[in-house]
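# need a structure here:
(one chain, ligands or ions: 3)
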Amino acid sequence: MPEKLFKVNTEEYILPGNRACQGCGLTLAYRYILKALRGNTIMTVPASCLTVLHGLYPITSVEVPCLNCTFASTAASASGLVAGLAALNRSDTTVVAMAGDGGTFDIGIQALSGAAERSTDFIYVCYDNEAYMNTGTQRSSATPAGALTTTTPVLTKQQGKKDMMKIMEGHDIPYLATCTPSFPLDLYDKFVKAKRIKGTRYIQIATPCPPGWVYPPKDTVKIGRLAVETGIVVLYEIENGKFRFTGRSKTLAEKGNPAPVINFVERQGRFKKMSMEQLGHLQRWVNSRWAEYLKRAEAS
Ligand SMILES: Cc1ncc(C[n+]2csc(CCOP(=O)(O)OP(=O)(O)O)c2C)c(N)n1
Ligand code: SF4
Ligand SMILES: [Mg+2]
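Ligands and ions are numbered 1, 2, ... in the order given. Just a heads-up that it's a prediction; the model follows:
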């Protein structure tokens, strides 16, 4: 049952003023995550924009404890925290591992796969801004084809985005979900639900990033909404193998179709060198994935 707006936690766990950029989608997402988890959380975070948001010890903008770990070891670090809390008989604290797309799709995938295969009891959050943003927008395996990055500065990235949700689903974990801070209640509900489930829970959040995606900071919420309207991002959850559309994607699945991907692409400078061929490919990829999800929703 979705959380009603009036029941949303009014406490704030991120203090005013932090070192993230203006209009950062990650900051919005993180604010809603901590509200949904009601602050009763230990975070573990590798090098990324999220460590910058947290600040440098002893000064921080965030009111939950956070362990900084090395890039490759986020899920291993979370496994250690889970074991430590169990030894102390503390079952009331949720362990949350949270890394960027670089730290998840690429560098942290081995430790994540190991922990997920054992279904270690933590929530793993990948906030996906589709590049290594903290070090200046290098391409990752989450970057879509056609995007300019500082490591694909001339021809754009040629390879398509890795389907990390599919990889994580292959681990047979109890809960997976996608969301974006542009639809905050959908995000909030998924974390409220994930908190109650045992085992490894994987949540992937599409977080628009003004400097990396090259659009004005005021447009972050709009860009995230367009990603969903065009089917680039599909909001869904998979609980014990059962696929379900949620939020705006559910409405689109029941009452319409996604809008053309050009509506999303044309608003971002990172796609200014995207070829017509790449655009066509992206549209066909979105169409076929949408058809696949419709079938799954029907079968569930
Ligand atoms: C082993 C290692 N390699 C490289 C770095 C440099 N580094 C720090 S943050 C970062 C980018 C991380 O990208 P992502 O995980 O997508 O998070 P984002 O910066 O986009 O928030 C890199 C390459 C590092 N700290 N450690
Ligand atoms: S580079 Fe992007 S993800 Fe990183 S702090 Fe700035 S807006 Fe946020
Ligand atoms: Mg990133």
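
# Excluding covalently adjacent residues, which one is nearest to G55?
In space, and not counting its chain neighbours, G55 is closest to S61: 5.4 Å by Cβ to Cβ, 6 or more residues apart in numbering. Backbone N, C-alpha and C define where each C-beta goes, glycine included.

# What residue in the stretch 51-200 of the chain comes nearest to ligand 1?
Going by Cβ to the nearest ligand atom, ligand 1 is nearest to G100 of the stretch 51-200 of the chain, at 2.2 Å.

# Show the model's pLDDT score for that residue.
We note a pLDDT of 98 for G100 in this prediction.

# check contacts around the residue lying closest to it once chain neighbours are set aside.
Leaving out its chain neighbours, the residue that sits closest to G100 by Cβ to Cβ, 6+ apart is S48, at 4.3 Å. Shown in contact with S48 (Cβ atoms under 8 Å, 6 or more residues apart in numbering): A99, G100, G102, G103, N134.

# same thing but 6 Å
By Cβ atoms under 6 Å, 6 or more residues apart in numbering, S48 lies in contact with G100, G103, N134.

# Beta-bridge partners for the residue of the stretch 51-200 of the chain closest to ligand 1, please?
Y127 (DSSP bridges).

# Return the residues of the stretch 51-200 of the chain in contact with ligand 2.
Residues of the stretch 51-200 of the chain lying close to ligand 2 by Cβ under 6 Å from any ligand atom are N129, M133, N134.

# can we see that at 8 Å?
Within the stretch 51-200 of the chain, the positions lying close to ligand 2 (Cβ under 8 Å from any ligand atom) are V52, L53, G100, Y127, N129, M133, N134, T137.

# Now do the SS call for the residue nearest to A97 when sequence neighbours are not counted.
Nearest non-adjacent residue to A97, counting by Cβ to Cβ, 6+ apart: A78, 3.8 Å away. The three-state label given to A78 by DSSP: H, G, I helix; E, B strand; the rest coil is helix.

# now do the one 3 residues further on
The assignment at L81 comes out as helix when based on three-state DSSP.

# How many neighbouring residues does it have?
Per other Cβ atoms under 10 Å, the neighbour tally for L81 reads 21.

# do the same with I167
Neighbour tally, I167, other Cβ under 10 Å: 15.

# what pLDDT does it get?
So I167 comes in at 98 (pLDDT).

# next one: G17
G17 is given a pLDDT of 86.

# do you know how far it is from T60?
As for G17, its distance to T60 is 11 Å (criterion: Cβ to Cβ, to the nearest Å).

# okay, the two: which has more neighbours?
Higher neighbour count among G17 and T60: T60, with 16 against 7, using other Cβ under 10 Å.

# so how far is stretch 55-65 off the chain centroid?
Using Cα atoms, centre = their mean, to the nearest Å, the mean C-alpha position of stretch 55-65 is found 22 Å from that of the whole chain.

# ditto for stretch 47-59
That offset, for stretch 47-59, works out to 18 Å (Cα atoms, centre = their mean).

# and that stretch, anywhere near ligand 3?
No - using Cβ under 5 Å from the ion, stretch 47-59 never reaches ligand 3; the gap is at least 6.7 Å.

# distance between the ends of that stretch?
End-to-end distance of stretch 47-59: 17 Å, with Cα to Cα, to the nearest Å as the criterion.

# Give the buried residues for it.
A47, S48, C49, L50, T51, V52, L53, H54, G55 (16 or more other Cβ atoms under 10 Å).

# Just say helix, strand or coil for the residue nearest in space to the middle of the chain.
Per Cα atoms, centre = their mean, the C-alpha nearest to the average position across the chain is that of I205, at 1.9 Å. For I205, the assignment made with three-state DSSP gives strand.

# give the contact list for it.
I205 touches A29, Y127, C179, counting by Cβ under 6 Å, 6+ apart.

# what's the helix or strand for the residue lying closest to the last one once chain neighbours are set aside?
Setting aside the residues directly before and after it, C179 is nearest to L187 in space (Cβ to Cβ, 6+ apart), at 4.1 Å. Taking DSSP states H and E as the criterion, L187 maps to helix 184-196.

# From the contact counts, what lies against that helix?
helix 25-36, strand 175-179 (3 or more Cβ pairs under 6 Å, 6 or more residues apart in numbering; DSSP states H and E).

# what angle separates the following helix or strand past the longest one from helix 184-196?
Downstream of helix 25-36, the next assigned helix or strand under DSSP H and E is strand 41-45. Between strand 41-45 and helix 184-196, the angle formed by their directions is 100 degrees, by axes from the mean of the first three to the mean of the last three Cα atoms, to 10 degrees.
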